[in-house]
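> Whatever this is, show me its structure:
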Amino acid sequence: MLSFSRVFEPSIPATAWPIAWIVLFAVVMIDPFPLMHNHSRFWLLRNWTRLLLPGLYPVEFADFWMGDQMCSMVYTLSRFYFMGCLYSAGWNNATAKCNMSNNWIAGVLLASIPSLIRLIQCIKRYMDSQNHIHLINGGKYSSSIIAAGLFYNWRNHGSRSDRHYVAWIFFSTLSSVYTSGWDLLMDWSLLQSHSTRRFLRPELLYGDYFPIYYFAIVRCNILILTTANQLLDFC
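Numbering: from 1, shown residues only. I've put the predicted structure just below:
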């Protein structure tokens with residue numbers, strides 16, 4: 001709320017608030033004193049370190065759980081380039097200088113970080129366990145990286161009717177179906193053919209309220225199939 005309520009103006013310009021909040025967050029996280037749940041903060045910092053160095057440590061539950069949460073922050077991560085460019089340009093003529101088309105590769109790299117981390121984690125888990133299911137899971141994140149690269153390539157070099165657009169649509173659809181199928185079949189263990197309740201699993205924690213599982217299936221697909229939203233925005 002402080003960022004938009006013009007508090008302390010003109011002493012503190014509005015452009016100072018984004019970097020101020022980042023600095024405040026960093027100071028709170030590295031604060032060595034036993035304040036503000038220091039054990040939880042240090043646990044988070046340790047796991048962030050493991051997350052940013054995938055492949056160097058055995059993959060534990062917290063590692064891939066945080067990696068999956070990071071995959072939900074692709075848009076936020078891709079905006080860090082824009083924010084850095086605004087400050088480096090002094091907020092002057094920002095639209096022309098910081099348009100993503102001027103450096104679309106930065107957008108691809110930032111947007112691909114979460115999926116790349118999860119892909120390396122999957123490879124590490126396969127190397128440690130020799131279980132091929134982790135390679136299949138890694139394919140899901142590989143398709144996400146390819147789809148992100150094709151999207152930025154199309155936005156900056158293609159049109160709505162050329163091969164760049166067709167390639168993006170194909171891999172975006174493939175990635176969405178791959179992700180949705182993995183979540184339903186592997187993460188949720190749904191869509192079991194031998195279940196007494198069609199498309200669910202034999203054992204349900206909320207068996208008396210089983211219709212909510214069908215709602216969850218539909219909701220999962222709506223959230224994952226982001227291609228439709230992108231088509232509405234860009235077509």
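> Can you show me the helices along this structure?
Taking DSSP state H as the criterion, the chain carries its helices at 17-30, 38-52, 61-71, 74-88, 94-97, 104-129, 133-157, 163-182, 211-224, 227-234.
> Between the ones you listed, which one is closest to residue 195.
helix 211-224 (10.3 Å; CB to CB). From N, CA and C alone the C-beta is placed, and that goes for glycine too.
> so that closest one versus helix 163-182, what angle?
Helix 211-224 and helix 163-182 are oriented at 160 degrees to each other (axes from the mean of the first three to the mean of the last three CA atoms, to 10 degrees).
> burial measure for residue 173, as a count.
Applying other CB atoms under 10 Å, we find 15 residues neighbouring residue 173.
> Over to residue 217?
So residue 217, with other CB under 10 Å, has 18 neighbours.
> Correct me if wrong: it contacts residue 201.
No: Residue 217 is beyond contact range of residue 201, at 11.6 Å (criterion: CB atoms under 8 Å).
> which neighbours do the two share?
Shared contacts of residue 217 and residue 201 (CB atoms under 8 Å, 6 or more residues apart in numbering): residue 190.
> quick revisit: turn the helices of the chain into a markdown table, including distance to residue 193 and mean pLDDT.
Listed next are these as a markdown table, based on distance: least, CB to CB, whole Å; pLDDT from 0 to 100:
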| stretch | distance to residue 193 | mean pLDDT |
| --- | --- | --- |
| helix 17-30 | 47 | 89 |
| helix 38-52 | 36 | 93 |
| helix 61-71 | 27 | 92 |
| helix 74-88 | 34 | 82 |
| helix 94-97 | 54 | 72 |
| helix 104-129 | 26 | 91 |
| helix 133-157 | 19 | 89 |
| helix 163-182 | 15 | 87 |
| helix 211-224 | 15 | 79 |
| helix 227-234 | 28 | 48 |
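> Looking at these, which is nearest to residue 190?
Using CB to CB, these put helix 211-224 closest to residue 190, at 6.4 Å.
> which strands and helices sit next to the closest one?
When contacts are defined as 3 or more CB pairs under 8 Å, 6 or more residues apart in numbering; DSSP states H and E, helix 211-224 packs onto helix 163-182.
> which helices and strands sit right next to the helix it packs on?
helix 133-157, helix 211-224, helix 227-234.
> which one of those helices lies closest to residue 111?
Short answer: helix 133-157, nearest of the helices and strands packed on helix 163-182 by CB to CB, at 4.7 Å.
> now, of the helices and strands packed on helix 163-182, which is deepest in the fold?
helix 133-157 (a mean of 19; mean count of other CB atoms under 10 Å).
> what's next to it, contact-wise?
With CB under 8 Å, 6+ apart, helix 133-157 has contacts from 71, 74, 100-101, 104-105, 107-108, 111-112, 115-116, 118-119, 122-123, 125-126, 164-165, 167-168, 171-172, 174-175, 178-179, 182, 186, 230, 234.
> That helix versus helix 74-88: what angle between them?
Going by the same axes, to 10 degrees, helix 133-157 makes 50 degrees with helix 74-88.
> just the angle between helix 133-157 and helix 104-129, please?
Using the same axes, to 10 degrees: helix 133-157 against helix 104-129 is 170 degrees.
> mind checking how far the residue most central in space within the chain is from residue 211?
Residue closest to the average C-alpha location in the chain (CA atoms, centre = their mean): residue 71, at 2.1 Å. Separation of residue 71 from residue 211 (CB to CB, to the nearest Å) stands at 28 Å.
> Quick check on the contacts of helix 133-157: which are buried?
71, 74, 100, 104, 107-108, 111-112, 115-116, 118-119, 122-123, 125-126, 164-165, 167-168, 171-172, 174-175, 178-179, 182 (16 or more other CB atoms under 10 Å).
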